[in-house]
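Participant: Quick check, what structure comes out for this input:
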Amino acid sequence: MDERIPKQITVGCFTVVMERVRKLVVAKYQDLVDGLGGAIATSTRKQAENAIKAFEDIFSVLKKSPADIEGIAETREFIAEIPSKLPELKAQVDHVTKDYELLDNLFFQYTNADVKQRWYCYGLPHVIYDKIEACNTQLDKTEAAYNNAQKEAQDEFREELGDLERTINNFAQRKVEWIVDEGANPEEVDEHAAEVARTLERLVDAEALAKKFNSRENLFNVAVTDYSELARMTKTFEPYSALWTTMSLWQKSRKSWMYDSFLSLDAETIDKNIQTWWRNVFKACKTFETSQPEIFQMAAAVKLDLDKFKGNLPIVTALRNPGMQERHWTKISEELKMDLNFTAVTTFDQILNEMKLQEFMPQITKTGDLASKEFLIQKTLEKMKESWQGVNLEIVDYKDTGTYVLKSLDDVLQQLDDSIVMTQSIAFSPFKGPFEKEIEEWEKQLLLAQEILDEWIACQRLWLYLEPIFASEDIQKQLPAESKKFQVVDRNWRRTLEQANKQPAVLTSCSHQ
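Facilitator: Down below sits the predicted model:
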């Protein structure tokens with residue numbers, strides 16, 4: 001700037017010395033450059049950092065070595081998206097370059113770091129193509145290596161499939177002697193069942209690995225290997241798996257059910273398991289009936305064993321009925337003329353072989369059915385009462401009157417109707433005997449609550465109409481007698497709503513009115 005201002009100028013016959021002017025203008029100019037240039041430099045520096053970071057984020061992805069073919073595919077997809085990002089990145093670099101050129105024109109003094117950053121940022125759009133090319137070359141080499149590794153893994157997998165098929169075929173030779181009421185050698189059955197579990201695990205792993213190989217073959221762009229024999233092997237193994245698993249579970253469970261405490265038995269679980277196992281064995285019999293006679297005979301023996309035990313399910317269901325109460329046990333004991341006082345050491349084996357209660361099934365089943373129907377009424381009543389826990393009246397402040405009003409009772413009234421209908425329904429049941437008094441009291445409570453709420457709503461409707469009228473002093477003077485009567489009603493209303501607000505439970509509030 002000082003070079004642009006002459007040291008002196010001639011005006012007519014005068015010579016004007018410009019030294020002081022030059023110093024003043026240059027100083028002012030430098031102040032402007034430092035202030036404006038500093039702001040531009042700070043902004044440009046930030047823009048350059050952002051542009052550099054965007055490019056370096058791309059470079060970091062390109063430098064990574066994918067761990068598998070899936071990673072290679074992801075990197076190739078990333079590279080394919082780079083051209084769509086470049087125009088925006090180049091625009092950022094061009095903007096940075098223009099700002100640096102502006103600073104050049106202002107004769108701004110850069111730091112060494114600014115100079116390095118400027119030219120590094122400038123060269124990034126040109127460098128990225130070399131990075132992409134180098135990355136593609138490395139990806140090709142890595143992909144070829146992974147492809148060769150997969151081929152070797154698939155060769156090993158083919159051997160595993162062959163061994164797996166031999167293992168499955170070997171199950172046609174596996175058998176044990178099954179005796180009705182006794183079962184088979186537990187160690188042998190458990191050994192075969194354990195081999196079943198291991199084979200199932202191998203099949204699951206093989207299926208997952210086959211899918212993985214096929215998926216990677218698509219990524220390698222090579223022909224997909226057919227592993228359909230896996231599905232065939234799985235289907236072939238299903239009846240063996242179901243049979244041996246069932247035999248192991250049935251043998252262990254029967255021992256527990258027969259000799260553990262009878263009071264620990266869950267009739268519903270036992271029935272569910274027996275039905276499931278019976279279906280498994282039935283399917284196995286159908287499968288092996290013609291193709292594997294020896295396996296069929298073993299499965300048929302297991303089925304016969306299950307069939308025989310199924311005959312005992314009614315007595316388990318009846319005696320382990322959750323509805324059986326003391327009155328039912330007393331009734332059965334009187335009918336059978338024996339004391340049915342089961343303890344923690346009583347077993348199902350004792351019930352069948354010592355007490356022989358299966359011989360009295362008609363009497364036991366009759367009492368058990370009665371207990372079930374009474375239990376249903378009991379649970380229905382309990383459920384109804386539980387449904388009213390937490391059901392409250394919705395009471396809100398009414399304007400600035402200092403009292404409250406009820407909000408909509410539609411849901412409460414609907415629940416009351418439903419409960420009354422249900423209560424009246426069980427009141428007509430011929431099995432209500434033990435709960436007759438409780439049902440009557442409950443019905444009275446519900447009907448009382450319904451009646452009170454109906455009256456409450458009607459009363460509130462009138463109170464809302466009359467309250468603003470008798471709140472007027474003019475009306476009180478004109479109708480003094482009527483006003484006194486309303487005041488009595490109003491005090492009762494406020495007291496009632498105050499109490500309901502403290503105890504909003506529907507049945508509690510209504511029973512207190």
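
Participant: who are the neighbours of whichever helix or strand A91 is part of, in terms of helices and strands?
Facilitator: Element membership for A91 (DSSP states H and E) is helix 69-105. In terms of contacts (3 or more CB pairs under 8 Å, 6 or more residues apart in numbering; DSSP states H and E), helix 69-105 is packed against helix 38-63, helix 112-170, helix 186-220. Every residue, glycine included, has its C-beta placed from N, CA and C.

Participant: okay, the ones you listed in CSV with distance to M233 next?
Facilitator: Below are those laid out as CSV (distance: least, CB to CB, whole Å):
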stretch, distance to M233
helix 38-63, 42
helix 112-170, 6
helix 186-220, 7
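
Participant: Of those, which is nearest D418?
Facilitator: The closest of those to D418 is helix 186-220. By CB to CB, the value is 49.4 Å.

Participant: From the contact counts, what lies against the closest one?
Facilitator: Helix 186-220 packs on helix 69-105, helix 112-170, helix 229-259, going by 3+ CB pairs under 8 Å, 6+ apart.

Participant: got the angle between it and helix 69-105?
Facilitator: 40 degrees (axes from the mean of the first three to the mean of the last three CA atoms, to 10 degrees).

Participant: buried ones in the helix holding A91?
Facilitator: Neighbour-count burial for helix 69-105, counted by 16 or more other CB atoms under 10 Å, picks out 69, 72-73, 75, 79, 82, 89, 92-93, 96-97, 99-100, 103.

Participant: okay, the angle between that helix and helix 112-170?
Facilitator: Using the same axes, to 10 degrees, helix 69-105 lies at 170 degrees relative to helix 112-170.

Participant: Go ahead and measure how far helix 69-105 is from the middle of the chain.
Facilitator: Chain-centre distance of helix 69-105: 42 Å, with CA atoms, centre = their mean, to the nearest Å.

Participant: can you state the direction angle for it and helix 38-63?
Facilitator: 160 degrees.

Participant: so for helix 69-105, what's the average pLDDT?
Facilitator: For helix 69-105, the mean pLDDT works out to 87.

Participant: elements contacting the helix or strand encompassing Q350?
Facilitator: Element membership for Q350, per DSSP H and E: helix 348-353. Helices and strands touching helix 348-353, by 3+ CB pairs under 8 Å, 6+ apart, are helix 229-259, helix 313-319.

Participant: Redo the ones you listed as JSON lines? Include mean pLDDT, mean neighbour count and distance to W277.
Facilitator: Listed next are the helices and strands packed on helix 348-353 as JSON lines, based on pLDDT from 0 to 100; neighbours: other CB atoms under 10 Å; distance: least, CB to CB, whole Å:
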{"stretch": "helix 229-259", "mean pLDDT": "94", "mean neighbour count": "18", "distance to W277": "5"}
{"stretch": "helix 313-319", "mean pLDDT": "89", "mean neighbour count": "19", "distance to W277": "12"}
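
Participant: Including distance to S408, could these go into JSON lines?
Facilitator: Shown next, in JSON lines, are these (distance: least, CB to CB, whole Å):
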{"stretch": "helix 229-259", "distance to S408": "55"}
{"stretch": "helix 313-319", "distance to S408": "47"}
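
Participant: circling back to that earlier point, looking at the helices and strands packed on helix 186-220, spot the one closest to I332.
Facilitator: Between I332 and those, the tightest spacing by CB to CB is seen for helix 229-259, at 21.3 Å.

Participant: Show me what the closest one is packed against.
Facilitator: helix 112-170, helix 186-220, helix 267-291, helix 293-310, helix 348-353.

Participant: and the direction of it versus that of helix 267-291, what angle?
Facilitator: Using the same axes, to 10 degrees, helix 229-259 lies at 130 degrees relative to helix 267-291.

Participant: just to revisit the earlier point, and the buried residues of helix 69-105, which is closest to Q297?
Facilitator: Distances from Q297 to those, taken by CB to CB, are shortest for I69, at 51.0 Å.

Participant: Let me see the contact set for that closest one.
Facilitator: Neighbouring residues of I69 by CB atoms under 8 Å, 6 or more residues apart in numbering: E143, Y146, N147, Q150, R216, L219, F220.

Participant: so who does the closest residue to the first one other than its chain neighbours touch?
Facilitator: Pointing back at E143 there. Spatial nearest neighbour of E143, excluding adjacent residues (CB to CB, 6 or more residues apart in numbering): I72 at 5.3 Å. I72 makes contact with P66, L139, T142, E143, Y146, L219, according to CB under 8 Å, 6+ apart.

Participant: can I get those in JSON lines with neighbour count and distance to E438?
Facilitator: What follows is those, written out as JSON lines (neighbours: other CB atoms under 10 Å; distance: CB to CB, whole Å):
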{"residue": "P66", "neighbour count": "17", "distance to E438": "73"}
{"residue": "L139", "neighbour count": "19", "distance to E438": "79"}
{"residue": "T142", "neighbour count": "18", "distance to E438": "79"}
{"residue": "E143", "neighbour count": "18", "distance to E438": "78"}
{"residue": "Y146", "neighbour count": "20", "distance to E438": "75"}
{"residue": "L219", "neighbour count": "17", "distance to E438": "71"}
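
Participant: Output the helices and strands packed on helix 69-105 in CSV, with distance to A505 and mean pLDDT appended to each entry.
Facilitator: CSV is the format used below for the helices and strands packed on helix 69-105 (distance: least, CB to CB, whole Å; pLDDT from 0 to 100):
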stretch, distance to A505, mean pLDDT
helix 38-63, 63, 85
helix 112-170, 65, 90
helix 186-220, 55, 93
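
Participant: picking that back up, closest to A458 among the buried residues of helix 69-105?
Facilitator: The closest of the buried residues of helix 69-105, once distances to A458 are taken by CB to CB, is A73, at 75.6 Å.

Participant: list the contacts for that closest one?
Facilitator: L219.

Participant: which helices and strands does whatever helix or strand comes next after the helix holding Q350 pack with?
Facilitator: Sequence order places helix 361-387 as the next helix or strand after helix 348-353, per DSSP H and E. Contacts defined by 3+ CB pairs under 8 Å, 6+ apart place helix 361-387 against helix 313-319, helix 326-336, helix 410-427, helix 436-470.

Participant: out of those helices, deepest packed?
Facilitator: helix 313-319 (a mean of 19; mean count of other CB atoms under 10 Å).
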